[in-house]
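Enquirer: got a sequence here, can you model it:
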Amino acid sequence: MAGILFIISAPSGSGKSTLVSEVRRLVPGLDFSISYTTRKPRGSEEDGREYHFTTREEFERMIAANEFLEWAEVFGNYYGTALSALDLAAEHGTDLLLDIDVQGALQVMQTMPDAVSIFILPPSPEVLERRLRNRSQAEGLANEAVIATRLSEARTELQKIEDYRYALVNDVLDEAASEMRAIVLVARGDATPAEGDLAAQCVTGARSPRLESALQSFGVTVAGV
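Expert: Next up, the predicted model:
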């Protein structure tokens with residue numbers, strides 16, 4: 001079945017991009033929407049691969065022209081998904097993965113309630129801090145204030161996890177990829193009973209021990225989870 005919209009959100013540093021790449025390798029027929037942003041490229045990032053890098057003026061022109069499915073300002077930069085991504089997926093006859101922040105995800109959920117929403121979280125704040133620090137050092141941009149801000153923002157974003165249909169703890173890449181693959185196959189109606197069971201364990205309201213442990217480590221209490 002083509003035309004399913006998958007919304008993927010995660011705190012910065014959760015390993016979301018690596019996980020999405022692995023799932024696309026495992027599952028055919030998944031287009032990936034490349035977001036637009038006004039932030040500068042990091043490290044080896046290339047325009048048109050990780051993001052469409054653009055100016056603030058051009059982004060605001062696109063907002064005024066209603067060219068975005070969703071957009072938000074995060075850490076002082078704009079991020080957004082162009083409506084053209086939906087048209088492209090329809091032309092290809094594929095499903096579409098949207099890698100978007102919580103603000104943008106909530107916008108899309110309101111306008112497209114049939115979308116399959118997945119929240120990816122790290123197993124603990126210690127792991128997230130280590131990942132953020134390693135990424136910053138690799139980019140030569142280690143900044144303690146930025147790391148502290150992103151850790152604080154992660155706790156805020158986790159408060160919205162109950163709005164998502166599924167939640168994955170990205171502690172072991174292979175396991176998280178298998179879980180996300182199962183979710184995609186269930187949405188398509190192609191899952192085996194075992195894959196269906198695996199996806200069911202990731203339903204946010206199922207209160208899996210891994211999810212509860214991760215949320216508790218961040219000091220987050222969410223109604224219904």
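Enquirer: need the contact list for the spatially most central residue of the chain.
Expert: The centre of the chain sits closest to Ser9, judged by C-alpha atoms, centre = their mean, with a distance of 2.5 Å. Listed by C-beta atoms under 8 Å, 6 or more residues apart in numbering, the contact partners of Ser9 are Lys16, Asp99, Ile100, Asp101, Val102, Ala105, Ser117, Ile118, Phe119, Ile120, Glu157, Tyr164. C-beta coordinates here come from the backbone N, C-alpha and C atoms, glycine included.
Enquirer: next one: Ile100
Expert: Contacts of Ile100 (C-beta under 8 Å, 6+ apart): Ile7, Ile8, Ser9, Ser35, Glu70, Ala72, Tyr79, Thr81, Val108.
Enquirer: and for Glu126?
Expert: Ser217.
Enquirer: element containing it, please.
Expert: helix 125-138 (DSSP states H and E).
Enquirer: quick check: buried residues in that helix?
Expert: Pro125, Val127, Leu128, Glu129, Arg131, Leu132, Arg135, Ser136 (16 or more other C-beta atoms under 10 Å).
Enquirer: still on that earlier bit, just give the closest residue to the residue nearest to the centre of the chain, not the sequence neighbours.
Expert: Ala105 (4.7 Å; C-beta to C-beta, 6 or more residues apart in numbering).
Enquirer: report the distance from the helix or strand that neighbour falls within to the chain centre.
Expert: Following DSSP H and E, one finds Ala105 within helix 102-111. Relative to its chain's centre, helix 102-111 lies at 12 Å (C-alpha atoms, centre = their mean, to the nearest Å).
Enquirer: quick one: contacts of it?
Expert: So helix 102-111 is contacted by 5, 7, 9, 69-72, 74, 79-81, 98, 100, 115, 117, 157, 160, 163-164 (C-beta under 8 Å, 6+ apart).
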